[in-house]
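> next come a sequence and a model predicted from it.
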Amino acid sequence: KAGVTQTPRYLIKTRGQQVTLSCSPISGHRSVSWYQQTPGQGLQFLFEYFSETQRNKGNFPGRFSGRQFSNSRSEMNVSTLELGDSALYLCASSLESRSGANVLTFGAGSRLTVL
Amino acid sequence: GENVGLHLPTLSVQEGDNSIINCAYSNSASDYFIWYKQESGKGPQFIIDIRSNMDKRQGQRVTVLLNKTVKHLSLQIAATQPGDSAVYFCAERVGGFKTIFGAGTRLFVKA
């Protein structure tokens, strides 16, 4: 079956602009998580969605937001971009499992460069 | 941001040797610990997990050890191969559906 698909794969923006990234989870996966990956900070948790509701949120400013649609596809948005927002943004989907590790399946990521 | 820490940022091993990647975690309430492997240009990929009530779990060529007393997790890779070269992350599941990752260890396998 198809894996997690993220679009776009690469994008360049300038400071002050906003960006929207898209994630299509594996069919049947209803939980979608977003992470920011940078060389200095590693993988930082942004937020997690399930059934169109944000269940968990990381320690990021309000400029970072997201949403999930009824088909489980998710988008994240970063407004008023800063140079420090340059990173690889990873989306992961998982089956809801209270008895398991909730293993994440990641997409290849969207690499954002802010100039 | 929240992080699970790692002892070594890079590890270089000879092909055929065993590799041990270490990790320290901070949240005593985590119920699962997971190891992921990330190859260049790809997202992290699941390797193995261990429940918090276990101290050892074995997979194919990999073993994860959990020491809750000192909040330490390790991944052992037997007979390391060039294809094992990647960045390895430990992660912990906290609060149900939130997974927190460590900083990562880069493994180099020398032929």
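The structure has been received and is ready for your questions. Bear in mind the structure is a predicted one, so any value in this text is a computation, not a measurement.

> and residue 108, which of the three is it?
Chain wasn't specified; assuming chain A. The three-state label given to residue A:108 by DSSP: H, G, I helix; E, B strand; the rest coil is coil.

> hmm, no, I was thinking of chain B.
Going by three-state DSSP, the state assigned to residue B:108 is strand.

> show the pLDDT at it.
In this model, residue B:108 is scored at 95, pLDDT.

> what about the nearest residue to it once chain neighbours are set aside, neighbour count?
For residue B:108, the nearest residue in space outside its immediate sequence neighbours is residue B:12; the separation is 4.3 Å by C-beta to C-beta, 6 or more residues apart in numbering or on different chains. C-beta: built from backbone N, CA, C; applies to glycine. Here the count is done by other C-beta atoms under 10 Å in any protein chain shown, and residue B:12 has 11 residues near it.

> in which helix or strand does residue B:12 reside?
Per DSSP states H and E, residue B:12 falls inside strand B:10-14.

> strands paired with that strand, and their directions?
strand B:105-110 (parallel) (DSSP bridges).

> hmm, who's touching the partner strand?
B:6, B:8-15, B:19, B:21-22, B:77, B:80-82, B:84-89 (C-beta atoms under 8 Å, 6 or more residues apart in numbering or on different chains).

> make a PyMOL selection of the buried ones in the residues you listed.
Buried members of the contacts of strand B:105-110 can be picked out in PyMOL with the line below, counting by 16 or more other C-beta atoms under 10 Å in any protein chain shown:
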select buried, chain B and resi 6+11+13+19+21+22+77+80+84+85+86+87+88+89
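
> low-confidence ranges in chain A?
A:1, A:97-99 (pLDDT under 70).

> and the residue of it that's closest to chain B?
With C-beta to the nearest C-beta, the shortest gap between chain A and chain B falls at residue A:106, namely 2.9 Å.

> next, count neighbours for that residue.
23.

> for it, give the beta-bridge partners.
residue A:92.

> quick check: it vs residue B:101, distance?
Residue A:106 sits 11 Å away from residue B:101 when distances are taken as C-beta to C-beta, to the nearest Å.

> which residues are in contact with both of the two?
Taking C-beta under 8 Å, 6+ apart as the contact definition, residue A:106 and residue B:101 share the neighbouring residues residue B:44.

> going by secondary structure, the residue nearest the centre of chain A is in what exactly?
If you average the C-alpha coordinates of chain A and look for the closest C-alpha using C-alpha atoms, centre = their mean, you land on residue A:34, 2.9 Å from that point. Here residue A:34, judged by DSSP H and E, is contained in strand A:31-38.

> write out the residues of chain B neighbouring chain A.
Residues of chain B lying close to chain A by C-beta under 8 Å from any C-beta of the partner chain are B:1-3, B:32, B:34, B:36, B:41-46, B:49, B:51, B:89, B:93, B:95-104.

> try it again with 10 Å
Taking C-beta under 10 Å from any C-beta of the partner chain, the part of chain B that reaches chain A is made up of B:1-6, B:31-34, B:36, B:38, B:41-51, B:87, B:89, B:91-104.

> in ChimeraX, select just the buried ones from those residues.
Those of the residues of chain B next to chain A that count as buried under 16+ other C-beta under 10 Å are selected in ChimeraX with:
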select /B:3,4,6,31,32,33,34,36,38,43,44,46,47,48,49,50,87,89,91,92,93,94,97,98,99,100,101,102,103,104
